[in-house]
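Peer 1: Could you look at this predicted model? Sequence included:
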Amino acid sequence: MKITALTAAAEHLKPARAADAYAGRESLSFVRLRVQTDAGLFGEGMTGRFLSAQVVALLNGEMAQAVTGQDPMAHEALRGMVAKRLNPRGATGPFVSALSALDLALWDIKGKALGLPVARLLGGARDSVPAYATAGMPAFTEAELVAACEAALAAGFAGVKLLVGTGRPISEDAARIRAVRRAIGDAPLMLDANCGFTVAEAKRLAAMVADCDIAFFEEPVRDNDIPSLLELRRSTAIPLASGQMMQAPSWFRDVLSAGALDILQPNAAFCGGITSMLRIMAMAEAHGVPVTGAGGFEAASLPAMAGHAHGGMLEVHGAHAALRDRFAHHPTVDRGRILVAETPGVGFGLLP
């Protein structure tokens, strides 16, 4: 079996509600990829959300030239070859985003060729993964915020996450967090700053909500800077989590070695695909650090989270409803768990 073509395209999806948008963006960008073979099998992959036009150009151009005629089952050989040819200095950015989509598509082909779900090929540790809901969009009023979180928990999600650090005064963020905590009782509550705070700002918010039993504080500081994460971790008992948008394996190694995080969050749509995610999960397991999904694109990370024994829960992001509508089939969420489909491959299929 040989690869005959790569076809990538970017889509820009407007959120179902204006309040679901965040980070100053009115649409969610994602890249879809199809890898065709001479055996009639095809694999699908995806990545997003940044520099989507550049990622598409790379996939349809030099990446396609490099892998056409190659064996799609030899994914390790392919990864090494394209890295040497297109990323010889170990940079990240569009290359790793493109590699993420390609790797997912190659695993999709492998699962289809062998007649098995990829989660089972990877070890089949579980047939479903618990999910938490990112329900607290920054444009919501406090009443809307509380209602969204209550609805997510009523639907069976394992917890709810709020976005903070989006331009409100820190005292207002703290008041909104307290309102949700009062409404949901002792249910798990997480925070996500999307790298929006300085260390001083993150310390201040953490101190203001220290008694709110926060399950984790995600991407609390700018640029996921490891010394800054370590400084913050030393100042608060709130667990820190990050990693969903990070691409360099060395960042994951260094953040674990520094002891700067309580929870690691690789995402297969961004970190280099399922192959890279498995390596990152193994590093986390060796350091005794749990793994939790974040960054949306839960369909991409589900095979690794369900297949690997060290897998944890996944995020279902409220801002990604429009993305999920672009799938012909998508992993099902049932009573707060994401189910592994029995169909061969990665478990998702994109609409034409």
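Peer 2: Nice, I can see it.
Peer 1: alpha carbons only for contacts and neighbour counts from here, please
Peer 2: OK.
Peer 1: residues near the residue lying closest to Gly115 once chain neighbours are set aside, how many?
Peer 2: Once flanking residues are discounted, Gly115 sits nearest to Pro344: 5.1 Å by CA to CA, 6 or more residues apart in numbering. Pro344 has 21 neighbouring residues, counting by other CA atoms under 10 Å.
Peer 1: Surely Pro344 touches Arg120?
Peer 2: No - in this structure Pro344 lies outside contact range of Arg120 using CA atoms under 8 Å: 9.4 Å.
Peer 1: can you map out the strands along the stretch 1-150 of the chain?
Peer 2: 3-13, 28-37, 42-48, 128-136 (DSSP state E, counting those that start in this stretch).
Peer 1: Name the strands paired with the last one and say parallel or antiparallel.
Peer 2: Paired strands of strand 128-136, with direction, are strand 160-163 (parallel), strand 314-317 (parallel), strand 337-339 (antiparallel) (DSSP bridges).
Peer 1: can you give me the mean pLDDT across that strand?
Peer 2: What strand 128-136 shows for mean pLDDT is 96.
Peer 1: same question, the longest one
Peer 2: When pLDDT is averaged over strand 3-13, the result is 95.
Peer 1: The strands of the stretch 1-150 of the chain: which one's closest to Gly111?
Peer 2: Gly111 lies closest to strand 42-48 among those, at 9.2 Å (CA to CA).
Peer 1: Remind me what the closest one packs against, helices and strands.
Peer 2: Judged by 3 or more CA pairs under 8 Å, 6 or more residues apart in numbering; DSSP states H and E, strand 42-48 is in contact with strand 28-37, helix 94-114.
Peer 1: could you redo these as JSON lines and give each row mean neighbour count, mean pLDDT and distance to Leu13?
Peer 2: What follows is those, written out as JSON lines (neighbours: other CA atoms under 10 Å; pLDDT from 0 to 100; distance: least, CA to CA, whole Å):
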{"stretch": "strand 28-37", "mean neighbour count": "22", "mean pLDDT": "94", "distance to Leu13": "5"}
{"stretch": "helix 94-114", "mean neighbour count": "26", "mean pLDDT": "97", "distance to Leu13": "18"}
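Peer 1: Out of the ones you listed, flag the one nearest Ala133.
Peer 2: When the helices and strands packed on strand 42-48 are compared (using CA to CA), the closest one is strand 28-37, at 17.7 Å.
Peer 1: thinking again about what came up before, need the strands of the stretch 1-150 of the chain in CSV (columns: distance to Arg335).
Peer 2: Listed next are the strands of the stretch 1-150 of the chain as CSV, based on distance: least, CA to CA, whole Å:
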stretch, distance to Arg335
strand 3-13, 27
strand 28-37, 26
strand 42-48, 26
strand 128-136, 9
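Peer 1: so which of those strands gets nearest Met81?
Peer 2: Minimum separation from Met81 across the strands of the stretch 1-150 of the chain (CA to CA) falls at strand 3-13, 14.4 Å.
Peer 1: other SSEs contacting the closest one?
Peer 2: Applying 3+ CA pairs under 8 Å, 6+ apart, one finds that strand 3-13 contacts strand 28-37, helix 52-58, helix 64-67.
Peer 1: again, only using 6 Å
Peer 2: Secondary-structure packing of strand 3-13 (3 or more CA pairs under 6 Å, 6 or more residues apart in numbering; DSSP states H and E): strand 28-37.
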